[in-house]
Structures are given as structure tokens and as C-alpha cells.
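pasting the sequence and the predicted coordinates here, then a few questions.
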Amino acid sequence: MINSNFIANSHSSKEAGRLANLLKNLNLSALIIGERGVGKTTLAQNIVDANIIDGEDFSTLVRALGSNSTLIVKNFDKVSNFILLKDSLKTNPTRIIATSTKKLDEKITDIFFGLKIVIPPLSERPEDIEALAQKFYEEAINIFTGNNDKKPVNIKEINLDLSANAYSLKRSVYSAFLVEQFEEKDILNLLERFLMQRLGSGDDYRKLLYLFDVPLLKAGFKKFHSQLAISKNFGLNRNTLRKKISELHHFFKSDEYKS
């Protein structure tokens, strides 16, 4: 890690951290590129302590140039007028540490930035995932219990969602922690609230039974590992079990559910 906020265990994030540390001692504008949730703004804040302006709000950005020697500009790809921004910077030379979810034309990056940092998605940085999950797990403990416990997280027991990088990972870790705290009454109340929003379409009982069947069967596969063992432990005819899995086939596409 380059500090407690930006996780840098993978080669690519260590390289991003190295460049960020270099920028701390240089009066150089830089662009940080990466998908939503990869840590662009966090890395920018590690480089400079500055106000954050959204590039989409162009008028506010131009005004801020006159009163700030350094700015963090997020969504730089959404700046509406690069020519006017260039002219404004000639009048008010401000150091900009910018972030963008899109790759910009090199002509633009060459005008505004002396260095470019690319942060890959979390799916390409497996070494960072566990460290981030641990950070979010400890946050959840503190938020929901008031304790500062350093209890280790077991990421093998969590369905990690990396679709939105750190945002979705954080949600999946928080959800896993809350489920660990649930009692039977909490689960029943949660299901009741969920179902209340979906009743009224007709034939609701039959349509919504999958909400019970799918997690029960998936838990059975994780615990007993085969259809035969599940049918014995559930007291369920194996043909009935196969039929139910077939009916819910879009939830059981993996080969692990076929035997």
C-alpha cells in the first residue's frame, strides 16, 4: 500500500502507486484512467490535497481555476470545451490531477497532462481483491457494531461482485457481514418486505416459490455436493429434485449442479 486508502498489492496497482508517489514531489498535471470504482479519486487524493471538481460542471471548473493552485477534476472526459479550458489555464495556471473512465484523444492528453496513470479493473488485480474485501469487512464491523475488531474475512464464503469494481465489492462484503448477523426473524422480515413489493401480479404463490427453492438447493449442493446426497438429506425423491432443477435451469447452469 502507498497509504491506508489506496490498496496496492498487485503489480499494476503498485506501479500506479509508484507513479503517484513520484507526482507528490513534482508540479506536474496528470491523468488517471480506469473504470468506475477502481480507485482513481482515492489515488488522486493521495497525490494532492485539493478540492474536487466535476468536469461535467464546466462553469464551476473554470471559476475554480482562478482560486485554486491545484485541483482534482473527476470525469475529465465530460469536459464540454477543451479549447476554452486550455485558454483559461493560460490565464490561471492550475495544476490538475484528473480522472477519466474513458481513454481520451492523445492530442488532448498531451495538451493538459505530463503523465498518465492507468488503473486496471479489479478483475485483473486479484491480489488487491482480498485486501479490499478485508478493509470493507472491518468497516462493516465498525459501522454496524461500533467495534474496531480485525476479524479476518473469508472471501471464499462471499459471492464477490466485481461488476462495478470496489463499489460492488463493498456491497457484497457488507451484505455478507449483515447476513452473518441475521437471526431467523430478521430473514423472515426481510423476505416479507421483499415479497410485499412483488405481490399482485396473479399466481404469485407459484411464481415466487423459487425464492425459497433456489437458495435451499444451492445450499444443499454446497453442503452435500451431489443430487443423490441432497435427495437423501432433504427427504426428496431424486426425480422430483431433477425436475425442480430443470425448471429452475437458469439458476443452475454450472456443471456442479448436474450430478
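Arrived safely. Please read these numbers as outputs of a predicted model, since none were measured by experiment.

how close does the closest residue in space to Glu138 that isn't next to it in sequence sit to Tyr137?
The spatially closest residue to Glu138, leaving aside those adjacent along the chain, is Lys150, at 6.4 Å (Cβ to Cβ, 6 or more residues apart in numbering). Quick note: C-beta positions are derived from backbone N, CA and C, even for glycine. As judged by Cβ to Cβ, to the nearest Å, Lys150 and Tyr137 stand 10 Å apart.

what about the two, which has more around it?
A direct count of neighbours by other Cβ atoms under 10 Å for Lys150 and Tyr137 places Tyr137 higher, at 24 against 9.

tell me the pLDDT of the nearest residue to the more buried one once chain neighbours are set aside.
Spatially, and ignoring its direct neighbours in sequence, Tyr137 is nearest to Val153 (3.8 Å; Cβ to Cβ, 6+ apart). For Val153, the pLDDT comes out at 81.

can you list the domain ranges for the protein.
With domains defined by automatic domain parsing, the chain comprises 11-120, 122-181, 200-259.

among the ones you listed, which is nearest Asn5?
For Asn5, the closest of those is domain 11-120, at 5.1 Å, according to Cβ to Cβ.

now do the closest one: distance to the chain's middle.
21 Å (Cα atoms, centre = their mean, to the nearest Å).

just the mean pLDDT for it, thanks.
The average pLDDT for domain 11-120 rounds to 95.

tell me how far the ends of that domain are from each other?
End-to-end distance of domain 11-120 (Cα to Cα, to the nearest Å): 11 Å.

please apply the same query to stretch 90-102.
25 Å.

list the contacts of that stretch.
The contact list for stretch 90-102, computed with Cβ atoms under 8 Å, 6 or more residues apart in numbering, reads 23, 27-36, 40-41, 44, 47-48, 50, 55, 64-66, 68-77, 89, 112-113.

I'd like to know which of the residues you listed are buried.
Neighbour counting over these (16 or more other Cβ atoms under 10 Å) leaves 23, 29-35, 40, 44, 47-48, 50, 55, 64-65, 68, 71-77, 89, 112-113 as the buried ones.

from those residues, which land in helices?
Of the buried ones among the contacts of stretch 90-102, the ones assigned to helices by DSSP state H are 23, 40, 44, 47, 64-65, 89, 112.

hang on, Ala98 in a strand?
Yes: checked against DSSP: H, G, I helix; E, B strand; the rest coil, Ala98 lies within a strand.

so after the lengthiest helix in the chain, what's the next helix or strand?
Looking across the chain with DSSP H, the single longest helix is helix 126-145. Using DSSP states H and E, the helix or strand that follows helix 126-145 in sequence is helix 166-181.

for that next one, packing partners?
Helix 166-181 sits against helix 126-145, with contacts defined as 3 or more Cβ pairs under 8 Å, 6 or more residues apart in numbering; DSSP states H and E.

now the helix it packs on: mean pLDDT?
What helix 126-145 shows for mean pLDDT is 92.

that helix: how far from the chain's middle?
The answer for helix 126-145 is 12 Å, by Cα atoms, centre = their mean.

buried ones in it?
128-138, 140-141.

what count of nearby residues applies to Lys78?
15.

quick one, what contacts it?
Lys78 makes contact with 54-56, according to Cβ under 8 Å, 6+ apart.

not counting its neighbours along the chain, what's nearest Leu241?
In space, and not counting its chain neighbours, Leu241 is closest to Ser231: 5.0 Å by Cβ to Cβ, 6+ apart.

same question for Val173.
Excluding its sequence neighbours, the residue lying closest to Val173 (Cβ to Cβ, 6+ apart) is Phe136, at 4.1 Å.

ok, that neighbour - contacts?
Taking Cβ under 8 Å, 6+ apart, we find Phe136 in contact with 169-170, 173-174.

how about Ile230, what does it touch?
217, 220-221, 224, 236, 241.

for the host helix or strand of it, C-alpha coordinates in PDB please.
For Ile230, the enclosing helix or strand under DSSP H and E is helix 227-234. Extracted in PDB, the C-alpha atoms of helix 227-234 (Å, rounded to 0.1, in the frame of the first residue of the first chain):
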ATOM      1  CA  GLN A 227     -28.100 -34.700  -6.200                       C
ATOM      2  CA  LEU A 228     -28.100 -38.100  -4.500                       C
ATOM      3  CA  ALA A 229     -27.000 -36.800  -1.200                       C
ATOM      4  CA  ILE A 230     -29.400 -33.900  -1.400                       C
ATOM      5  CA  SER A 231     -32.400 -36.100  -2.100                       C
ATOM      6  CA  LYS A 232     -31.500 -38.300   0.900                       C
ATOM      7  CA  ASN A 233     -31.000 -35.400   3.300                       C
ATOM      8  CA  PHE A 234     -34.000 -33.400   2.000                       C
END
